[in-house]
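Visitor: I need the structure of the sequence given here:
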Amino acid sequence: MSASGEGVTLGMPSISYDLLVIGSGPAGQRAAIQAAKLNKRVAMIERKAVIGGVCINTGTIPSKTLREAVLDLSGYRLRDLYGASYTVKQNITMEDLLYRTDHVIRHEIDVTRHQLMRNRVEVFSAEAQFQDPHTVQLNETDGRGSRIVSADRIVIATGTEVTRDESIPFDGERIVCSDDIINMKRLPRTMTVVGAGVIGLEYASIFAALGVRVTLIDKRHRLLPFVDAEIIDTLAYHLRENRVTLRLGEEVSSMELVSDAFGEHVKIHLASGKQVLTDTALYSVGRSGATSTLNVQAAGLATDDRGRLSVNERFQTSVPHIYAVGDVIGFPSLASTSMEQGRLAACHAFGVRATSVPALFPYGIYAIPEISMVGRTEEELTEQGIPYEVGKAHYREIARGQIIGDTTGLLKLIFHLDSHELLGVHIIGEGASELVHIGQAVMAFGGQVEYFVNTVFNYPTLAECYKTAAFDGVNRLGLAPIEALSVPGAAA
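Guide: Have a look, this model is predicted:
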């Protein structure tokens, strides 16, 4: 069945499914395919013309592909070797950057469609609206009509939509939201990003790497409070090195479009009385659950003030046979965690035992430089009264760091002071989101920091940072020489 709903005849009697999934993003895909693998009859509802949700079409995939295009064409990765003026292509345009993005989006849509087809998941292009807890009306997006479907179990995976302030004069060109980025016609000379969440930080650093003068405004006095303070301080330093102006603790009171002899600009007024004049303003103050058209009240559900649904540890809503997964339930709102939530919800819905370890979910922030983390931060451990020590390795100490031109990266291990059990891994630098999985695996088995001391890593690789950081951490303890530490499997 195609994503357009081709082959679906309107006006037929209601069809009943074992599972109905509303939304085709990562969470919905995984829930639908998991249920299909259990030989259940599954239907998926997607209100957009294409499948994949925000992740593929306007969010995760476009922004990460845009980031790679920027790094490649700007020569940013090699500037430590060849100088600040080094670039692969002069006069980079949005067309140059989006060529790669469009290719990846088309490929991912095709891969997703094929996965759903071969698992016999029926896909309807329609807007879903609850009639009762088991019944949903599908209003075809092409205007051909509507039909009714029912299901024993339902998974809501509608994701989020941009939170828009009605007082902001969005025009899609000068004042934009994150969904508008891939439709921009030209690169601005100056950009102001309002909102320093993950999305705002990523785009601020991406455009700064292209030489755009960026101003970042946020009401909070600290960037990303859930990230280790030392790592986020390092990111702030690199942003400033790329000429990003940080206006933290500042609130935007209004925005307006203004014209002068040099063209059209955006004037941003801050509550403190300051003003910022910029070519383009990216308004990124968060996202709201995409539930406004679902009529969830008819199903016995209620949302919070941001359109999000509350769930229990099994991702059940207050109506037990209705599940909610992905960004629509809030933090952490990552594609990776959303996929896992979809799988777990489908397994629980059909009585299949499945487990996961949320405490070991890794976070990836695709700013420039990249950040990734798993486990707890120093701040969390201090608040919990857990004694710990840290070990650090700088990329500049590692041959691979010199080879690839990243001399500013940092890998940080946090381990228990007494048991030496690994409690957290925090990385900033090239390949952070890949490297973090080494530490994640060790943490999953309750490993100690000595594991990295006694392990041989390929040379030269960034993975060696684990060994260097482990040596650093153990030496901070002031114990016997490292050679005298017990080696697993060695004779007593």
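Visitor: how many residues are close by the nearest residue to T461 once chain neighbours are set aside?
Guide: Using Cβ to Cβ, 6 or more residues apart in numbering and skipping the chain neighbours, the partner closest in space to T461 is R400 (5.3 Å). Where you see a C-beta, it was placed from the backbone N, CA and C, and this is true even at glycine. By other Cβ atoms under 10 Å, 19 other residues sit near R400.
Visitor: what's the first helix or strand after the strand or helix carrying A35?
Guide: The secondary structure element spanning A35 is helix 26-37 (assigned by DSSP states H and E). Towards the C-terminus, the helix or strand next in line after helix 26-37, according to DSSP H and E, is strand 42-46.
Visitor: quick one, helices of this structure?
Guide: For the chain, the helices defined by DSSP state H cover 26-37, 53-57, 60-74, 79-82, 94-118, 198-209, 229-241, 335-349, 378-384, 399-404, 432-444, 450-453, 464-476.
Visitor: which outside residues touch the longest one?
Guide: With contact meaning Cβ atoms under 8 Å, 6 or more residues apart in numbering, helix 94-118 is reached by 1-3, 24, 29, 32-33, 44, 50-52, 56-57, 61-62, 65-66, 68-70, 73, 89, 123, 182, 184-187.
Visitor: turn the buried ones among those residues into a named ChimeraX selection, would you?
Guide: Once 16 or more other Cβ atoms under 10 Å is used to decide burial, the buried members of the contacts of helix 94-118 can be selected in ChimeraX as follows:
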select :1,3,24,29,32,33,44,50,51,52,56,57,61,62,65,66,69,70,73,123,182,184,187
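Visitor: could you list the domains of the protein?
Guide: Structural domains assigned to the chain are 15-161+288-359, 175-285, 369-484, following automatic domain parsing.
Visitor: and the pLDDT for G143?
Guide: According to the model's per-residue confidence, G143 sits at a pLDDT of 67.
Visitor: again with D18
Guide: Per-residue confidence for D18 comes out at a pLDDT of 97.
Visitor: ditto for L334
Guide: The predicted structure scores L334 at 87 on the pLDDT scale.
Visitor: from V198, how far out is it?
Guide: Relative to V198, L334 is positioned 9 Å away (Cβ to Cβ, to the nearest Å).
Visitor: equivalent analysis for S338, please.
Guide: For S338, the distance to V198 (Cβ to Cβ) stands at 14 Å.
Visitor: and those two? Which one has more around it.
Guide: Ranked by neighbour count (other Cβ under 10 Å), S338 and V198 place S338 first, with 28 against 23.
Visitor: quick one: that one and A27 touch, right?
Guide: Yes - counting by Cβ atoms under 8 Å, A27 is a contact partner of S338 at 3.9 Å.
Visitor: quick one: common contacting residues for these two?
Guide: Common neighbours of S338 and A27 are listed as A157, V325, G326, D327 (criterion: Cβ under 8 Å, 6+ apart).
Visitor: give me the buried subset of those residues.
Guide: A157, V325, G326, D327.
Visitor: could you dump those to a markdown table with distance to T93 and pLDDT?
Guide: Formatted as a markdown table, the entries for these read as follows, by distance: Cβ to Cβ, whole Å; pLDDT from 0 to 100:
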| residue | distance to T93 | pLDDT |
| --- | --- | --- |
| A157 | 36 | 96 |
| V325 | 39 | 97 |
| G326 | 34 | 95 |
| D327 | 31 | 94 |
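Visitor: out of the residues you listed, list just those in strands.
Guide: Restricting the buried ones among the shared contacts of S338 and A27 to those inside strands, with DSSP state E as the criterion, leaves an empty set.
Visitor: for I56, what are its contacts?
Guide: Contact analysis of I56 by Cβ under 8 Å, 6+ apart lists G25, V50, I105, E108, I109, T112.
Visitor: quick check: pLDDT value at the fourth one.
Guide: The one in question is E108. pLDDT recorded at E108 is 92.
Visitor: same question for A491.
Guide: Note on A491: pLDDT of 39.
Visitor: quick check on the residue positioned nearest the centre of the chain: phi, psi?
Guide: Residue closest to the average C-alpha location in the chain (Cα atoms, centre = their mean): L334, at 4.2 Å. In terms of degrees, to the nearest 10, the main-chain angles of L334 are phi -120, psi 140.
Visitor: what's the closest non-adjacent residue to it?
Guide: In space, and not counting its chain neighbours, L334 is closest to Y363: 6.6 Å by Cβ to Cβ, 6+ apart.
Visitor: quick one: the one you found from T355, how far?
Guide: From Y363 over to T355 (counting by Cβ to Cβ), the distance is 20 Å.
Visitor: how about exporting stretch 67-85 as PDB, limited to the C-alpha atoms?
Guide: Output in PDB follows, covering the C-alpha atoms of stretch 67-85 (Å, rounded to 0.1, in the frame of the first residue of the first chain):
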ATOM      1  CA  ARG A  67      25.500  20.300   8.900                       C
ATOM      2  CA  GLU A  68      27.600  17.800   7.000                       C
ATOM      3  CA  ALA A  69      27.300  19.800   3.800                       C
ATOM      4  CA  VAL A  70      28.500  22.900   5.700                       C
ATOM      5  CA  LEU A  71      31.500  21.100   7.200                       C
ATOM      6  CA  ASP A  72      32.500  19.700   3.800                       C
ATOM      7  CA  LEU A  73      32.100  22.700   1.600                       C
ATOM      8  CA  SER A  74      33.400  25.300   4.100                       C
ATOM      9  CA  GLY A  75      36.500  23.300   4.900                       C
ATOM     10  CA  TYR A  76      35.800  23.900   8.600                       C
ATOM     11  CA  ARG A  77      37.300  20.600   9.800                       C
ATOM     12  CA  LEU A  78      40.700  21.400   8.300                       C
ATOM     13  CA  ARG A  79      41.100  25.100   9.400                       C
ATOM     14  CA  ASP A  80      43.300  24.100  12.300                       C
ATOM     15  CA  LEU A  81      45.700  22.700   9.700                       C
ATOM     16  CA  TYR A  82      45.400  25.100   6.800                       C
ATOM     17  CA  GLY A  83      44.300  28.300   8.500                       C
ATOM     18  CA  ALA A  84      41.100  30.200   9.100                       C
ATOM     19  CA  SER A  85      40.700  31.300   5.400                       C
END
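Visitor: now it: mean pLDDT?
Guide: Per-residue confidence for stretch 67-85 averages out to 88 on the pLDDT scale.
Visitor: if you count neighbours, what's buried in that stretch?
Guide: R67, A69, V70, L71, L73, S74, G75, Y76, R77, L78, D80.
Visitor: then stretch 257-273?
Guide: Going through stretch 257-273 with 16+ other Cβ under 10 Å, the ones that come out buried are H265, V266, I268, L270.
Visitor: just the CA atoms of it, as PDB, please.
Guide: In PDB, the C-alpha atoms belonging to stretch 257-273 read as follows (Å, rounded to 0.1, in the frame of the first residue of the first chain):
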ATOM      1  CA  LEU A 257      10.400  44.000   9.800                       C
ATOM      2  CA  VAL A 258      12.200  47.200   8.900                       C
ATOM      3  CA  SER A 259      13.500  48.600   5.600                       C
ATOM      4  CA  ASP A 260      16.300  51.000   5.000                       C
ATOM      5  CA  ALA A 261      18.600  52.000   2.100                       C
ATOM      6  CA  PHE A 262      20.400  48.700   2.400                       C
ATOM      7  CA  GLY A 263      17.300  46.500   2.200                       C
ATOM      8  CA  GLU A 264      15.000  44.700   4.600                       C
ATOM      9  CA  HIS A 265      16.000  43.700   8.100                       C
ATOM     10  CA  VAL A 266      14.500  42.300  11.300                       C
ATOM     11  CA  LYS A 267      14.700  44.500  14.400                       C
ATOM     12  CA  ILE A 268      14.500  42.500  17.700                       C
ATOM     13  CA  HIS A 269      13.600  44.400  20.900                       C
ATOM     14  CA  LEU A 270      14.700  42.900  24.200                       C
ATOM     15  CA  ALA A 271      13.000  43.300  27.500                       C
ATOM     16  CA  SER A 272      16.200  44.900  28.800                       C
ATOM     17  CA  GLY A 273      15.900  47.700  26.300                       C
END
